[in-house]
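S.K.: Can you look at this prediction? I've put the sequence above it.
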Amino acid sequence: MKKVKFPTAQTILLGIAILVAILTWFIPAGKYDSLSYNATNNTFNKISQGKTEVLPATQETLISLGIKIPITKFTTGAIYKPIGIPNTYKELDPQPQGLAALVTSPIKGIIAASDIIFLILIIGGLIGIMNITGAFDAGIAWLAKTLKGRESILIILVTTLIAAGGTTFGLAEETMAFYPILIPVFLAARYDAMVGLACIFLGSSIGTMCSTINPFATIIASDAAGISWTTGLNNRLLMLFVCLTITILYILRYAKRVQRDPTKSLVFEQQEELNSLFGVAVEKNTIKFTHRLRLILAVFSLCFVVMIVGVSFLDWWFVEMTTTFLIGAILIGFIAKIKETVFVEEFAKGAGTLLSVAFIVGIARGVTILMEDGLISDTILYHASTFTEGMNKGVFTNVMLLIYSGLSFFMPSSSGMAVLTMPIMSPLADTVNLGRETIVDT
């Protein structure tokens, strides 16, 4: 029998686009009045059926409109996109989306999401340059040799560093290169291969799950939700700390049990085979962690630090963030003495590896455009908000968690799911007096 392969995220999104286009013929059209903040004049613009009304930007205005959001969320830039005004939903004339709208929606989405797409591609190029320098591999190898005999510390540090990569730039598939480097170290310490595998796999899983500043998850989701990605950062950091601590303790417990009694290993029957495969790998590993590679890792890390500072204190957004990573890649190229032709080629290859993610963002944004042009986004939101209105905050959060757990099964791309669902789901938090960052974090 042929194995059934699950379709790619792009195919799923195109299927959803077709479904959405069909739904615009059946779901009643409707729209909420919207409210946007004008920082120049410190006023609100209320838009109702194409007409704009200027209102004073005060907490009293928000209260009168039934918006349960502190005024500071607008004045500080935490919410910078127009939001729907509760209890203003009106049914409108249908705007069904035909074949022309369907086939052009991915292109419109790519154009609309160009700022996010370029950020993704430039970061991909930076990672491509990092990979050819060997800085990642050398850092891990140096750590393994330095802590030989103290592998419990190695478990803590490797899991933490891998999680740091996951939470900052979505380190996941790239960890494949670390397995042949780390597993021999753990085998030499009388652990088993599962310990090395757990440190890498669980570390990256926890990091990406608790994406604190991950551009491919948190920043995209926050942008789609209409809030700054720094909103809710403290909650994500706390979640990362708690989850990472539990994970490390779990790995340490298992590792010590295997060290005391090898028969307790989950792969005990394969131990001899694994020893023969990896037994001499540590001796063959001659990667040297030079001062140049240390500097390269420092520049790479500094890119994220500069990004955080710029967005938090200098009103930076996608143009400045993208420029930061581009400059970082160029600096690393100079430090590593990479030839210009090689730099361009490897940078393009690195960007190419994330091109599929960029297309996912564009196609998903196209689905949103179809829903907006078909005037069904607010209709769906209206009925969903009616269902969740008045719901207990804890119940609401758990319901959202269950919904996203189900969605993640069918749509494994976090970036695609973020831009597709956030415009609909994030305003629901307003109806139960929760910050939109709750939906982003969920």
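M.R.: That came through, no problem. Numbers count the residues shown, from 1 in each chain.
S.K.: for stretch 299-317, which positions count as buried?
M.R.: 299, 300, 303, 304, 306, 307, 308, 310, 311, 316, 317 (16 or more other CB atoms under 10 Å). In this view, the C-beta of every residue, glycine as well, is placed from N, C-alpha and C.
S.K.: Mind telling me what element the third one is part of?
M.R.: Take DSSP states H and E as the rule and residue 303 turns out to sit in helix 291-313.
S.K.: Measure how whichever helix in the chain runs longest sits relative to helix 291-313, angle-wise.
M.R.: Longest helix in the chain, counting residues (DSSP state H): helix 233-260. Angle of helix 233-260 versus helix 291-313, following axes from the mean of the first three to the mean of the last three CA atoms, to 10 degrees, is 140 degrees.
S.K.: Which residues are in contact with the nearest residue to residue 237 once chain neighbours are set aside?
M.R.: Closest residue to residue 237 apart from its sequence neighbours, by CB to CB, 6 or more residues apart in numbering: residue 212 at 5.7 Å. Residue 212 makes contact with 167, 168, 218, 233, 236, 237, 240, according to CB atoms under 8 Å, 6 or more residues apart in numbering.
S.K.: Can you show me the helices along the stretch 51-200 of the chain?
M.R.: Along the stretch 51-200 of the chain, the segments classed as helices by DSSP state H, counting those that start in this stretch run 59-64, 72-75, 99-112, 114-133, 135-146, 151-169, 179-188, 193-209.
S.K.: distance between the helix or strand where residue 345 lies and the chain's centre?
M.R.: Using DSSP H and E, residue 345 sits within helix 340-353. Distance, stretch centre to chain centre, for helix 340-353: 23 Å (CA atoms, centre = their mean, to the nearest Å).
S.K.: Also stretch 121-129?
M.R.: 16 Å.
S.K.: Name the surrounding residues that touch it.
M.R.: Outside stretch 121-129, the residues that touch it by CB under 8 Å, 6+ apart are 169, 174, 215, 300, 303, 322, 325-326, 328-329, 332-333, 336, 338, 343, 346-355, 357-358.
S.K.: my guess is residue 442 contacts residue 398, does it?
M.R.: No. Residue 442 is not in contact with residue 398 according to CB atoms under 8 Å; the separation is 9.1 Å.
S.K.: which SS class is residue 36?
M.R.: strand (DSSP: H, G, I helix; E, B strand; the rest coil).
S.K.: That one and residue 45, how far apart?
M.R.: Separation of residue 36 from residue 45 (CB to CB, to the nearest Å): 5 Å.
S.K.: residues in contact with the residue lying closest to residue 316 once chain neighbours are set aside?
M.R.: Among residues not flanking residue 316 along the chain, residue 310 sits closest, at 3.5 Å (CB to CB, 6+ apart). Residue 310 is in contact with 316, 320, 321, 324, counting by CB under 8 Å, 6+ apart.
S.K.: Of those residues, which count as buried by neighbour count?
M.R.: 316, 321, 324.
S.K.: Would you mind giving those as TSV with distance to residue 370, pLDDT and secondary structure added?
M.R.: Below are the buried ones among the contacts of residue 310 laid out as TSV (distance: CB to CB, whole Å; pLDDT from 0 to 100; DSSP: H, G, I helix; E, B strand; the rest coil):
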residue	distance to residue 370	pLDDT	secondary structure
316	31	78	coil
321	28	84	helix
324	33	92	helix
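S.K.: Out of those residues, which is nearest to residue 115?
M.R.: residue 321 (9.3 Å; CB to CB).
S.K.: Spell out which residues sit in contact with the closest one, please.
M.R.: Residue 321 neighbours (CB under 8 Å, 6+ apart): 119, 215, 307, 310, 311.
S.K.: pLDDT score for the third one?
M.R.: It stands for residue 307. Residue 307 carries a pLDDT value of 79.
S.K.: so it sits right up against residue 316, yeah?
M.R.: Yes. Look at residue 307 against residue 316 with CB under 8 Å: they come within range, at 7.4 Å.
S.K.: what is the rounded mean pLDDT of stretch 62-78?
M.R.: 77.
S.K.: tally of neighbours for the closest residue to residue 15 other than its chain neighbours?
M.R.: Among residues not flanking residue 15 along the chain, residue 7 sits closest, at 7.6 Å (CB to CB, 6+ apart). By other CB atoms under 10 Å, 11 other residues sit near residue 7.
S.K.: and residue 7, what element?
M.R.: Using DSSP H and E, no helix or strand contains residue 7.
S.K.: That one and residue 360, how far apart?
M.R.: Residue 7 sits 13 Å away from residue 360, going by CB to CB.
S.K.: just residue 306 next, same as before
M.R.: 27 Å.
S.K.: buried ones in stretch 186-203?
M.R.: Buried, per 16+ other CB under 10 Å, within stretch 186-203: 186-189, 191-203.
S.K.: Ends of stretch 206-214, what's the gap?
M.R.: In stretch 206-214, first residue to last residue: 12 Å (CA to CA, to the nearest Å).
S.K.: Return the member of the contacts of residue 321 nearest to residue 21.
M.R.: residue 119 (28.5 Å).
S.K.: Now do the closest one: how many residues are near it, please.
M.R.: 28.
S.K.: I figured it was touching residue 216, is that so?
M.R.: No. Applying CB under 8 Å, one finds residue 119 not in contact with residue 216, separated by 9.1 Å.
S.K.: what about residue 91, neighbour count?
M.R.: Neighbours around residue 91, by other CB under 10 Å: 13.
S.K.: per-residue confidence for it?
M.R.: Per-residue confidence (pLDDT) for residue 91: 88.
S.K.: Kindly report the same for residue 133.
M.R.: For residue 133, pLDDT reads 89.
S.K.: I figured it hits residue 293, correct?
M.R.: Yes. Between residue 133 and residue 293 there is a contact at 6.7 Å, judged by CB under 8 Å.
S.K.: Low-confidence regions, the stretch 51-200 of the chain specifically.
M.R.: For the stretch 51-200 of the chain, residues meeting the criterion pLDDT under 70 lie at 68, 78-80, 140, 143-145, 147-149, 172-178, 180-181, 185, 188-189.
S.K.: returning to that earlier point: ok, so of the contacts of residue 321, who is nearest residue 92?
M.R.: Once CB to CB is applied, the member of the contacts of residue 321 that ends up nearest residue 92 is residue 119, at 34.8 Å.
S.K.: Please compute how far the helix holding residue 303 lies from its chain's middle.
M.R.: The answer for helix 291-313 is 19 Å, by CA atoms, centre = their mean.
S.K.: And stretch 418-437, by the same measure?
M.R.: Worked out by CA atoms, centre = their mean, stretch 418-437 lies 16 Å from the chain centre.
S.K.: and that stretch, what's its mean pLDDT?
M.R.: Mean pLDDT, computed over stretch 418-437, is 74.
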